[in-house]
Structures are given as C-alpha cells and as structure tokens.
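K.L.:
Whatever this is, show me its structure:
(chains A and B)
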Number of protein chains: 2
Amino acid sequence: MATTATTTAATAAEDILEGLPSEEELAAKCLQLGLAMRQPPTYHVTHPALSLRPLPMKVEVLRELYGLQLLWNEAINRTARNFEFLRDSMRSTAESDRDFTGRLLSILERVYMTTPDGAKAPVYQPLMLGIFRSDYMSSVDSESSSPVSPAEAAASVTLSGAAAAAVATETSRQWKNIEFNTISCSFAGLSPLVQQFHAYLQKFREADMNARAAADLEHVEASSLSTSSVVAALPHQHAPAYVPDQMHSSAVQVPAALAKAVAAWRSAVPCAGFLRQYQHRTGVKLKPIVLVVVQKNEMNTADQYKLLLELLETHRVLSLRRTLAELHETMRLEHANLGESRCDHSTGTKEVVSEQLQPPFLVLEGKYVVAVTYFRSTYVPQDLPTDAAWQTREWIEESNAVKCPSIPYHLMTFKKMQQLMSNVSEVLAPVSFAGDQQKAAALAEHFVPQYSLNKDEYGRSGENQQCNDKDKVIDDPEYWIADAVEHLERYVLKPQLEGGGNLIAGEAMQRLLRDAKSDDPLYQKIRREYILMRKIHCPVMKGIFFRQNQIHVVESNVSSELGIYGVTLSSDANQYIMNEAAGSVVRTKPADVADGGVMAGIAALDSVQLIDEAPHEVAWSGASAVADERYP
Amino acid sequence: MATTATTTAATAAEDILEGLPSEEELAAKCLQLGLAMRQPPTYHVTHPALSLRPLPMKVEVLRELYGLQLLWNEAINRTARNFEFLRDSMRSTAESDRDFTGRLLSILERVYMTTPDGAKAPVYQPLMLGIFRSDYMSSVDSESSSPVSPAEAAASVTLSGAAAAAVATETSRQWKNIEFNTISCSFAGLSPLVQQFHAYLQKFREADMNARAAADLEHVEASSLSTSSVVAALPHQHAPAYVPDQMHSSAVQVPAALAKAVAAWRSAVPCAGFLRQYQHRTGVKLKPIVLVVVQKNEMNTADQYKLLLELLETHRVLSLRRTLAELHETMRLEHANLGESRCDHSTGTKEVVSEQLQPPFLVLEGKYVVAVTYFRSTYVPQDLPTDAAWQTREWIEESNAVKCPSIPYHLMTFKKMQQLMSNVSEVLAPVSFAGDQQKAAALAEHFVPQYSLNKDEYGRSGENQQCNDKDKVIDDPEYWIADAVEHLERYVLKPQLEGGGNLIAGEAMQRLLRDAKSDDPLYQKIRREYILMRKIHCPVMKGIFFRQNQIHVVESNVSSELGIYGVTLSSDANQYIMNEAAGSVVRTKPADVADGGVMAGIAALDSVQLIDEAPHEVAWSGASAVADERYP
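P.N.:
Next up, the predicted model:
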C-alpha cells in the first residue's frame, strides 16, 4: 500500500512529500492543537488551510517590524482622535457610500462631536482599546538587497545554508505595508498554534531522517537502552532547526489587553456605586463582562474562543458572544444616579450632579454590565442589515463601555485614511505624529505610493499631490489612470474595505479604467471610493498546502503576507496605558490570485521561520512603548 | 435573552446551572483542548460526553491504588507467562467459543508452546509490553468506613467542607476491582485533558463568583490598575479549590513505554545487521516504526493520536496506523541472514547459524520494519472477520516485534482468568505471585467474589471452591445460581469480554437463570462462559453531563468507575525493564444502567478531584517498581 500522502498528492514529486506526515496525522495534529475552524454549510469542525512550509525571515527584520508597530499604534490613535480631520477626510467617501460609511460617520458626529443639552462638551468614553494588525508583503523591487531565491527557499522545510544566507541579506525596508486593520483582526488566537504545527513538522522530519539512518547505528546497540541516549547517538542534524518566534504571543497579549481595558474601565467609571444602586433597585448583582459582538454564522470561532478562554482562565474575566440582533432585544443604557448617591452621605446640602456629564452604563440581559465591547463583526455592510442593528451599534458607542474599536478607530480601517497617511509631509508627520518627522520617516519607509481617483479631492486641498517617477508634481488623477492603463503590471485598484476578493488588477483593471463609460455606476464608484496603489512584486516560491485534509503542491508559486499585531489602550492622543507589538500571522496564497482570505478558502495560515545565528532566547525589550504601566 | 444553559436544560433548577459556562463555550473549550472524538455515521469531529462534576477522592486512596497497580502488572505478567496454566485455564472457554477464544489459544500454542524443527525450544520474542487498566468502583458495603454522602458530594463542583470531610474517611479498600484490561485500553490520551477541562470549570466558577462580588469592590478602584492586583483584591474563595492529580500523566507515560519498548527491541534483535542486509539487497533503508493495529471506522482517533504525537515529538519514534486488512497485503516476515553476514568477516571457517533460532523481522510496505505492534483493535470477534485477518494476527505474533499485548497478555483480559485469580490461595498467591502471600493479600482486599457457572470446572480441580456467607465450602455452581435467583440485587452476570453492554443483571438475570430451558443456546453459553460476580453497591450522586453540545442534568443518580493505568515491559516473569502506574480515568454513568462505555454514548468521561489538606506538590516515589532502568 502506498502512503496516504503519495496517494492523494499523486502528481507531486516523491522528494517533495518525503519527510511529511500522512494526511491523517496532519489532521490529527491540527485537532490536537485546537487549530480548527467551522466549515459551512454544516459548520462542522475542520482545520483551516495551512502552509506546510514556514516563511523564512531574518530575526532582526521581524524585530524591526515589531518595533514599527508601536508607531502604527500611535499614528492610528492620534489620527483617529482628531475627529474634525477624520470627518473631513471621510466625507466624500461617506457621500458616495451613504448606507455604511455615511452611517458610521453620523455616529462619529453624534457621539464624539455633539454637545448634549446641559453639557459643556460631547460626552463619551475617552478610553479606547486598539487591537490592530498591519499587513506587509516583501518587495523584490527593493534596491538595497537581493531577495530570497525561490528555488533555494523552497528546497526544504528547513532552509539550506545557501537559502539561509539569501534571507540574511534582507532588510526590514523590503517589507511594504499593504494595509492596516483596526477592527476584528483575526487569527491572533490561532496564529501561535500554526507555529506549533510547524515545530511538529520539523520534529517529524527529524524523526523520519533518524529512522532512515537506523541501519548505520550498530554502535548504539551496545550502549544504554534509554531512549534519550539512543536519540543523542543518532547522526547530528546539520540543517538549521526550525526556530519559532519566541515573541509570538498574540494569543496571550490580546486577552491581556482586553483584561487591562476592563481594569481601566473599572477605575474610570463609577462602577461600584452603580452596581450597588442597581442591586438596591432590582435585587440583581450585575456581573461585569467583555461583550463580543459576533456574526451569526461565524466560521472562525476557535480563533475567538482561544482569546476568550485565556481571558477567563488567566484574567478571570467573563465574556459573552452575542450578535447585534440578539443585543437589540436585551440591551439597556442606564445612568448611574450619582446625585442621589452623594445626597445620602451629605451634610444636608443637596449636591445636584447632572447625569448627562457621564456616558451611561450598558446593561445586558438584566444580568451583566459591559466593561469592554470587542467587535468581531460590523466591519462589512452585511453585518448591519437593519435600522435596529445600527441603533444597537450607536447605543454601544454612547455607553461608557470601552470599545474595541471605537467608531473613530473603526473609521481608520478605510483605505481613504491609509491613502492620506501615506502623504508624509501633509498628513503623517503633522497630524498622525504631531510634528515628529523622525517617526513619520520611519513609518514612511514601508509605504508604497497610493493615489485617490477622485478629482474633487485633488481640487480641495494639496494633500493628494504626489510626484511621478520624474519628480514632477501631479495634481490630476487622470495622470495615474493613464499610467495604470499603460502599465497594468504596476498598479492594483483597492476598495475601501478589503478582504472579500474585491481587488481589481491586471487586464480587468485596464479594461475598466480604459473602456468604462463615465456614467457606468461601478466606474463612478471606483472613481469616488477606490484607491490606486502601486503593486508590490514579492518573492514567489513553490507552495505545499494542507487543505481539507489533503496535501496539495502548488506549482504555480505562492506569495506570503505578514501581519503584525499591535495592542494599545489610551485615553487621549498622547497618554498610553498600553502600547505593544503582539506577535504575527503569515498568510500564504497562490501568487496568481490577487486577494482572498483564509476563511474564503484562498489563503493558508503560515508562520515565520526565524533565521538567526545568534541565540534566539535573548528577549527584546523594545516591544512595548510603555515601560511603566501606571495609569496616567 | 436567557443564557444558553438555562434554555437547553430548561427543566433543571437554576442553582445547578449557576456558575456553569454556556454550552457554546463548553464545546469551544473541548475543541481548544483537543478533547474530541468522531461521531458516526459521518465521523465528524465532536466532543466525548463529559461529566461536569469531578469525582471527589482522597489523595492517599488514589496513591494506594497507584501502588496496587504495580502488583496488578506483576500478577498479570507472571500468570500470562505460565503458558501451560494459561492454556489449561482457558480450555473450556475456548471449547465453547471456538471462533475467537479458540483461535487465540491456538496462536498461543503454536507460537509459544511448539518447538520448530531444528530448534531446541519454541522461538518467540520474549519482550512483552503491557499497557493495562484496572477498573474499580467504590463500595458502600464496606464495613470500615462511611461513604460520601451523595447530597453533599453533589452540592457543587468544589466540595463543601462537610462533603470533603466525608470523603476524607474513605479508604482504598472501599475501591473494589471490577475488571482488568490488557488490550486496547482507551482514554490514556484524552483522560488528562478531562482534568484540564475540570480545572477550567473551576476557573469559570471563580470568575463568575468574583464578577457577582464586583459591587462590593469599591476599594479596589482606588488602587492599582494592573489586572493581577484587581484579582488579588477580590474576596477570597473559601471553597476548597479543584486539585488536579499531579501524577496523572497517562498521555506521557504510555508513549514513554512504547518508546522504551522500541529501544529494548533495538537492543534485543540484530537490527543494524538486518537493515544493512536489506538495504544491500533492495536499496531501501527500512525505517523502524511502531505499528498501531486499528479498527476501520475508529471513533476514538484523538485519544490514539494524543499518544502517537507524543511518541513522535518527545521520543522521535514514527508510527503507522493500519487495519488488519491493510496489513495482510503489505506485510512480510524476513529472517536476518546472520550466517551469511558473519561469513563475510570470518577467517574462512564458515559459521552456519540457523535462521530458525530467531523470530523473523516484520517488514511493512517495503519501507518499514516493525519494532513494536500496539493493538487498538482485535479485542472483539468482529475485528477478525476473515481467515486472512487471523493469519495476519498470527504472523505478527511470530515476528520479533514487541507485541502490546502479546497473545498471552491478551488472554489475560478474559473474565475466566480474572475469576481464577480471585482464588487467592490456589491461584493468585502460588501462580500470579510465585508464593508471595503478602502481595496476594494486598490485591485480594480489592476483590469481589466471582464464580464459574460451569460444573465441569468444579469437577476438574478444587480451584473453583469458594465459601458461602456461612463459611461453608461450595463446590457446586447450582448453589450460586439459586442464590442469584433469590437475591438478584446481589449479583451480576458478566460475559468473557466486556464493553458492549452485554452484562445481565436484575430481573433479566433472574428470569434467565430460573426459567431458561437447559437446551437454550444462550443459557448453555452462559453456563459455560459467563462469570457470576457479586454486585458492587456504589455511592450514587446527581449528575450533570455535557453531551452532544448540551448540558443534561441526570436526576436519577450516577455512579463512577475509576480506571488506573499500568505500563510494564519485561522479558520474563521476574525481570522488569519498566513497571509503573500511569494515571487514571474516571467514567460516570447513570446508576440504573448496568454497563456501556463512553464511545457507546452511555458513560461520560470524568476526572478525580483530590481532597487533600497537605501540599499536593510532594512527589510520590512509589509509582515505579523499577528504580534502576538498566536492562537485566
């Protein structure tokens, strides 16, 4: 009987499959690790698609990208908290997309920019929790270094010495940012499990090599019987070992950030007084919780629960997963009656405190009070299909619960904001970094040029002026459109919201920009909302995937996308309770597919294999910008 | 909206469900832990049925039962290696059940008791690996102590002080052995995960209690923001914590035993020479492996892979799971041509070594050589449906692979052997313990009386003579049958092979023993093969189960069965390479159901909650009888 691997990947060369476990064993390892997802239409448990070859990467480069994440966190936070700039920047997109962007912007204006009667300023919870992810691809266009040779890098699970040397010449500048995400960043829970999966593959391969060497081991037989001494006496593995990223603790750091937000909320709101009042009034002791707002038919529950179970077991914080539809029926906003409370203990002089000065508590199901709302939905229009859903979303924003993300943070995920921030001198440095040119320059090294196609925006300010290859200032989008039609390999068209396979590239982009009639609704939408981005040419390698319980060899080459998680908790633009890089995720997909995620069945989860001659146990202290965690 | 738990367990009292996670979260925790099985007919991944309340138990009692396991291992090994005694004891059962017991006994005779032509003694692999499990139930009949009060023990996940005190009076003698298993002992892989699951339930309960106490926490708000200090400032939990069994490492010890057997095999057979010859002849470097013989549609793969992945990742030993049908096509027995090998290096005098003096190597799929065969099947007749399957089983026994279990070990799992060993003076002490009365007495404390119903056996020897309650020697099975008909609550009828819901008890037993005609085939089979055993009356408690993603409260009371794993590796009756207790498993089921396993959907996996005032980190050194692991 042939091995399972050979049978099901029959077209692959034997040497590619050598040293790989059987498909049955791969599936069992996923299940053992809890590396799981639910597969529609039945929502039965299966494994996510996995790359069987980790992405080789220099340890210093990964560390620099971790360090950079602190700047991303800061830039996003400060830009988001400039509500006027945010509103003005998003206005034309909101006008084009009234039903989603427009309604989000309305919540921004009502909650954060409108002063209620009797108050002196808008009333909102200033604490904001960010769980972000910046996505990068490695560019072979970089002038400063040679890319990894695909042939060499693909040679084995562990790298040959030559391939390792090629990786060693890479620099962090090669890693170009393709987007940042501020809402529902997935795989922080599962990603460390992929690393464990790859460590297992490495152990299998070593065991397989040792087994083949058994014939050479006569001298072992005379020696001790203990297992460890047999292993020690085996021929030494000379290939560099799979070195996992020791700092990869997204499944620990993200729950810790949620717990820290709960503690900050407790400290910032009159929690104990409200709970006593509520109990006095109703007899119920409300339980503080983290509310996770989810989609109805979520496939990625294992990822979410990995975080929520850690939140419970390490931080003793309860959480509830609920859809917006469920919440609408069971949610109430309740003001703490502080005036009354203080009156009880006063000397007789009634001290009247306006209830409107504080945002209300969010009470759920008559049993819980929400300390933190963690959104794993509401990032696509389909998540908010009714007025009731929008009303519920706005109530949450009005409440004193810490939002992850708040509406200002959420709006930062739109491509429009990313395109504006790529303008270093007029947006990134002055707005996002409060004038700090050095920080702006550090981030800008990782930008690729991106352009608005909306002529109105060019007219309105100078912020969209960019230079062409000959350093001529261009203030008309028709220039870029003409260039894209002529050099279709240089550009890609991105919608405001990514992740649904909506990128337009190649001949489709060329036809659309060249041939569409000006009254074509899609063309109009693209001209108003889409961003034209320079295409990143990344190294491609032969891929081996484990998908739906089968090994697949992808001869057509694959490319990888590296995501760096960031967590940040703050109450204004400058003071941070927490600002950290929080691990990574790699997604690898066929290079000829423009986009599409893991859940869509296109990409496969992957992990970083660090290439490092130095001992990798050395802890790197630059991952947090907040050395002292005192509350400001 | 009501919580999921209340909705789906609507009939249960609110206080029982208080402090339990939602059903969705319970399912997610199982998946995260890899606590999984496959559910026919689709074989999709689900969780095994789980008890939500661990079994309270005194730490000293559990340790005594661990210590006792070393005696079980020894008794089974020594009895099994007395081939004549084994054959004679099983003869009448084999005559009644020719197609299964009879064919197993034939393999015993051919491989272990027949001297081949040209040899001076039978040729077989004397190394035998045992992975055993002894099953106990706690008896409330015990004169020496009061049982746990069901009402108290069921009061909460953690015990109240009063219930803990009741448990504290239990003795290990209360735990009566109901059977021992020598083949395919399941749940050594999953059982430690059940303990982790129960530790999670305890953490949830603490978090839930802390959350309800949030209203009392005003003083916390003024203090530090760090999560840990918030937790530390919460009211102290006074209920005794869930103390997991620190020695519960079955998922580590069982793979370690398999690895040790591989190392012992390497040392005992001319491995390197054979591999060199084979490579010279065929060009193939054979890989030594552990062969796991499995059933075709196995549900319990997660349990098996938990062990096999540990075997790979910690001990670097490869394994293959194969059915007997697959093996028949791909298996060959190959003799090492040592004579030829030695001739090459001789001074010219050809030294002829008979190949028959050594059992042959087992070569699989032209790529692997089998060091150890681990049977997770062949324990029921359905696993051996064809002559080809029996032929394959016999080839394996002839080979030099270490069998787990060997045919002699396998035969020890029959009730006949257990019934005979319960005769202390005539079997247990002289045969199983080579005359050591002290060891025999220690084991005998845990026996319940059991009787053969086969009159021929009474006639053949005195070994079935037992005394009745008035110390009168009874040498006629009709006495016990009459007693069982009159006192049906005192007895249970057990078939030779357990596990399929084939126990006969209560009125069914009464009707059968009283009313069946003497020529009724079932009656005849029962008279020849079944064992009449005194029934154990164990403490019953209210049960809460998690079964098929739903919480179920079982008002009709449940009882628990405690299994203690043992691992032993030896080459004869007296010399042990390994002899250890290896953790435990608890299975809990409705008390009114006579038998039925976890996979049959009757019982639920459970774990021990230790009751111990003393620090539980103290390691107990009595778990291994082999202080020095040198090979004898």
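K.L.:
Now do the SS call for the spatially most central residue of chain A.
P.N.:
Nearest residue to the geometric centre of chain A (C-alpha atoms, centre = their mean): A:Arg133, 3.0 Å. Secondary structure, DSSP: H, G, I helix; E, B strand; the rest coil: A:Arg133 is strand.
K.L.:
How is chain A divided into domains?
P.N.:
Following the TED database, one gets these domains for chain A: A:250-337+A:358-412, A:449-458+A:465-535.
K.L.:
starting at the chain centroid, how far to the longest one?
P.N.:
Read that as domain A:250-337+A:358-412. 20 Å (C-alpha atoms, centre = their mean, to the nearest Å).
K.L.:
what does the last one give?
P.N.:
Between the mean C-alpha point of domain A:449-458+A:465-535 and the mean C-alpha point of its chain there is a distance of 25 Å (C-alpha atoms, centre = their mean).
K.L.:
In the longest strand seen in chain A, which residues are buried?
P.N.:
Counting residues, the longest strand found in chain A (DSSP state E) is strand A:550-570. Using 16 or more other C-beta atoms under 10 Å in any protein chain shown as the test for burial, strand A:550-570 gives A:551-552, A:554, A:558-570. Bear in mind the C-beta positions are built from the backbone N, C-alpha and C, glycine included.
K.L.:
Which single one of those residues is nearest to B:Asn300?
P.N.:
Compare each of the buried residues of strand A:550-570 with B:Asn300 using C-beta to C-beta and the shortest gap goes to A:Ile551, at 24.6 Å.
K.L.:
what's the residue nearest to A:Arg133 when sequence neighbours are not counted in contact with, if anything?
P.N.:
Distance criterion C-beta to C-beta, 6 or more residues apart in numbering or on different chains; nearest residue to A:Arg133, sequence neighbours excluded, is A:Cys185 at 3.9 Å. A:Cys185 makes contacts with A:131-133, A:563, A:565, as judged by C-beta atoms under 8 Å, 6 or more residues apart in numbering or on different chains.
K.L.:
any idea of the pLDDT on A:Cys185?
P.N.:
A:Cys185 is assigned 96 on the pLDDT scale.
K.L.:
Which helix or strand contains it?
P.N.:
In this structure, A:Cys185 sits in neither a helix nor a strand according to DSSP states H and E.
K.L.:
Got phi/psi on it?
P.N.:
Note on A:Cys185: backbone dihedrals following degrees, to the nearest 10 are phi -70, psi 120.
K.L.:
In three-state terms, label the residue nearest to A:Met299 when sequence neighbours are not counted for me.
P.N.:
Leaving out its chain neighbours, the residue that sits closest to A:Met299 by C-beta to C-beta, 6+ apart is A:Arg38, at 4.9 Å. At A:Arg38 the chain is in strand, as set by three-state DSSP.
K.L.:
Enumerate every residue touching A:Arg38.
P.N.:
A:44-46, A:298-302.
K.L.:
Ends of stretch A:544-552, what's the gap?
P.N.:
Stretch A:544-552 has an end-to-end distance of 6 Å (C-alpha to C-alpha, to the nearest Å).
K.L.:
does any bit of that stretch sit next to chain B?
P.N.:
No. Contact of stretch A:544-552 with chain B (C-beta under 8 Å from any C-beta of the partner chain) is absent, the minimum separation being 11.2 Å.
K.L.:
if we can go back for a sec, would TSV of the domains of chain A with distance to B:Asp88, mean pLDDT and mean neighbour count be doable?
P.N.:
What follows is the domains of chain A, written out as TSV (distance: least, C-beta to C-beta, whole Å; pLDDT from 0 to 100; neighbours: other C-beta atoms under 10 Å in any protein chain shown):
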stretch	distance to B:Asp88	mean pLDDT	mean neighbour count
domain A:250-337+A:358-412	56	96	21
domain A:449-458+A:465-535	73	82	16
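K.L.:
Kindly reformat the ones you listed as JSON lines and extend each row with distance to A:Ser425.
P.N.:
JSON lines is the format used below for the domains of chain A (distance: least, C-beta to C-beta, whole Å):
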{"stretch": "domain A:250-337+A:358-412", "distance to A:Ser425": "20"}
{"stretch": "domain A:449-458+A:465-535", "distance to A:Ser425": "10"}
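K.L.:
among the ones you listed, which is nearest A:Leu55?
P.N.:
domain A:250-337+A:358-412 (16.0 Å).
K.L.:
thinking again about what came up before, roughly how far is the longest strand of chain A from the heart of the chain?
P.N.:
11 Å.
K.L.:
Mind checking if whichever helix or strand A:His280 is part of is in reach of chain B?
P.N.:
Element membership of A:His280 [criterion: DSSP H and E] is helix A:271-282. Yes. Helix A:271-282 reaches chain B (C-beta under 8 Å from any C-beta) through A:271-273, A:275-276, A:278-279.
K.L.:
Just list what the host helix or strand of A:Lys403 packs against, helices and strands only.
P.N.:
Following DSSP H and E, one finds A:Lys403 within strand A:402-404. Judged by 3 or more C-beta pairs under 8 Å, 6 or more residues apart in numbering or on different chains; DSSP states H and E, the packing partners of strand A:402-404 are strand A:128-138, helix A:250-268, strand A:368-375.
K.L.:
and B:Lys120, which of the ones you listed is closest to it?
P.N.:
Taking the helices and strands packed on strand A:402-404 one by one with C-beta to C-beta, helix A:250-268 is closest: 63.0 Å.
K.L.:
Give me the angle between that closest one and strand A:368-375.
P.N.:
Angle, helix A:250-268 to strand A:368-375, by axes from the mean of the first three to the mean of the last three C-alpha atoms, to 10 degrees: 140 degrees.
K.L.:
Helix A:250-268 close to chain B?
P.N.:
Yes. Helix A:250-268 comes into contact with chain B (C-beta under 8 Å from any C-beta), by way of A:256, A:259-260, A:262-264, A:266-267.
K.L.:
Output that helix as CSV, restricted to C-alpha atoms.
P.N.:
C-alpha atoms of helix A:250-268 as CSV (Å, rounded to 0.1, in the frame of the first residue of the first chain):
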residue,chain,number,x,y,z
SER,A,250,-0.6,37.2,20.3
ALA,A,251,-3.0,34.6,22.0
VAL,A,252,-1.6,35.9,25.3
GLN,A,253,-1.2,39.6,24.6
VAL,A,254,-4.6,40.3,23.0
PRO,A,255,-6.5,38.8,26.0
ALA,A,256,-4.2,40.7,28.4
ALA,A,257,-5.1,43.9,26.6
LEU,A,258,-8.8,43.1,26.9
ALA,A,259,-8.3,42.5,30.7
LYS,A,260,-6.4,45.7,31.0
ALA,A,261,-9.2,47.6,29.4
VAL,A,262,-11.6,46.0,31.9
ALA,A,263,-9.4,47.2,34.8
ALA,A,264,-9.1,50.7,33.3
TRP,A,265,-12.9,50.9,32.8
ARG,A,266,-13.4,49.8,36.5
SER,A,267,-11.2,52.6,37.5
ALA,A,268,-12.6,55.3,35.2
